[in-house]
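> Next input, structure requested:
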Amino acid sequence: MIERTRRSRRKITVSYVIFAMSLLGGCIVPPRDLKPSVLPEYELRFLSNIREGQLYAQGGRADLAEEEYHQALAENPNSVHAANDLGFVLLGQNRGREAIAFFRRALAISPGNLIARQNLAKALVQENDFESAKSEYLTILATHRERAQRVPGPAEVIPRDEQPLAALELGFVYRNLSLLSYLLGEEDDALCYSREALSQDTDAYQYATHMRMLLAMERASLAVTQGEQLISTYRAGIPSRVMLDYGISLYEVGKKGLADQAFLRVLARPDTEYRDRIGAKLAHVLISAGDKAEGEVESVYATFLEEEPQFCDDDATEELPDYWPRTFSLEMNLLVKTLCGDAIESVA
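Here you go, the predicted model:
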């Protein structure tokens, strides 16, 4: 009897062990009346359209991406995601006016969506509506400040789309406010926003953008100081376009020898883009011609045209960069006319 009882206990123990192991191994069969949880068909179609739209957009098939996002909106007209993504695809095709409608649709559903609002601002810039674009960026800035002042509760987790902007994102907003203010002729605002952008984002690109803003606003001495800081910080890693702007700043403050050294450094770099190389070479010709006797100037011009035989056919009739200071720009335009007078007249 005692032996039988022990065997029964062993069977019960073994049964519990097997039951526990089956739970870990997934061997339990669910009850017959338990049905799998499946999304409604329209929601599955919506998610499929969104996913396909993303894949087509990444693959460069904007036409197919556009079709998928339209279908997604047909399935779910209140989708901020679909409206914003469709607008973004249209914006990439330079269809700014159509994109604006979908970004505004997304914001009508979710006014605090800063991604859709930034995209709306970009679309407005594409349509040359700088005033409205600046207004949208100011709204983004106001929303950020409001969120930054919010103090969450002890157990509260603020959703990602309700959090303030990160420093780099905020720098981007300030940088665009600076550029838009400059385009609108609001130079004090432009300089102020440029400084704010620099306080948020201190990489070489933002320093260079601030220096170019100073240069465009005829504040060459400040641009020289900014350039010197950049060069001392980044040394050989400084981009060619920054060195070009630094040279122009030096030229503007009368340091033509140092300016020419900067232009020659731009020309010596193999990674310099064509537009920057031509700008540096023209500036070098401008300085070299000024140092030559009258009879030697023609030789300087002839050397340039031999080295750049296509210049007068291609780029001479295009406008020079609009951020160049007025005096420097006038001298460079005069040089181009001297070099390519006949070519410019024939195109005109």
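> which parts of stretch 58-72 are buried?
By neighbour count on 16 or more other C-beta atoms under 10 Å, the buried set for stretch 58-72 is 62, 64-69, 71-72. The C-beta positions use only the backbone N, C-alpha and C, and glycine is treated the same way.
> what is the mean pLDDT for it?
Along stretch 58-72, the predicted local confidence has a mean pLDDT of 94.
> circling back: want to throw the buried residues of stretch 58-72 into JSON lines with secondary structure and distance to Glu136?
Shown next, in JSON lines, are the buried residues of stretch 58-72 (DSSP: H, G, I helix; E, B strand; the rest coil; distance: C-beta to C-beta, whole Å):
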{"residue": "Ala62", "secondary structure": "helix", "distance to Glu136": "24"}
{"residue": "Leu64", "secondary structure": "helix", "distance to Glu136": "29"}
{"residue": "Ala65", "secondary structure": "helix", "distance to Glu136": "24"}
{"residue": "Glu66", "secondary structure": "helix", "distance to Glu136": "23"}
{"residue": "Glu67", "secondary structure": "helix", "distance to Glu136": "28"}
{"residue": "Glu68", "secondary structure": "helix", "distance to Glu136": "27"}
{"residue": "Tyr69", "secondary structure": "helix", "distance to Glu136": "22"}
{"residue": "Gln71", "secondary structure": "helix", "distance to Glu136": "28"}
{"residue": "Ala72", "secondary structure": "helix", "distance to Glu136": "25"}
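> out of those residues, which one sits closest to Gly185?
Checking these against Gly185 by C-beta to C-beta gives Ala62 as the nearest, at 35.1 Å.
> give me every residue that touches the closest residue to Leu107 other than its chain neighbours.
The spatially closest residue to Leu107, leaving aside those adjacent along the chain, is Ala116, at 5.3 Å (C-beta to C-beta, 6 or more residues apart in numbering). Contact partners of Ala116, counting by C-beta atoms under 8 Å, 6 or more residues apart in numbering, are 80, 83-84, 87, 103, 106-107, 110.
> Next SSE downstream of whichever strand or helix holds Ala116?
For Ala116, the host element (DSSP states H and E) is helix 114-126. Along the chain past helix 114-126, the next helix or strand (assigned with DSSP H and E) turns out to be helix 130-148.
> Show me what that following helix packs onto, helices and strands only.
Helix 130-148 is packed against helix 114-126, helix 167-183, with contacts defined by 3 or more C-beta pairs under 8 Å, 6 or more residues apart in numbering; DSSP states H and E.
> any chance of these in CSV, plus mean pLDDT?
CSV is the format used below for those (pLDDT from 0 to 100):
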stretch, mean pLDDT
helix 114-126, 96
helix 167-183, 93
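> low pLDDT regions in this structure?
Judged by pLDDT under 70, the chain has its weakly predicted residues at 1-38, 314-319, 342-348.
> could you list every residue that touches the spatially most central residue of it?
The residue at the geometric middle of the chain, judged as the C-alpha nearest the mean C-alpha position with C-alpha atoms, centre = their mean, is Phe172 (7.6 Å). Taking C-beta under 8 Å, 6+ apart as the criterion, Phe172 is in contact with 197, 201.
> That concludes my questions; thank you for your assistance.
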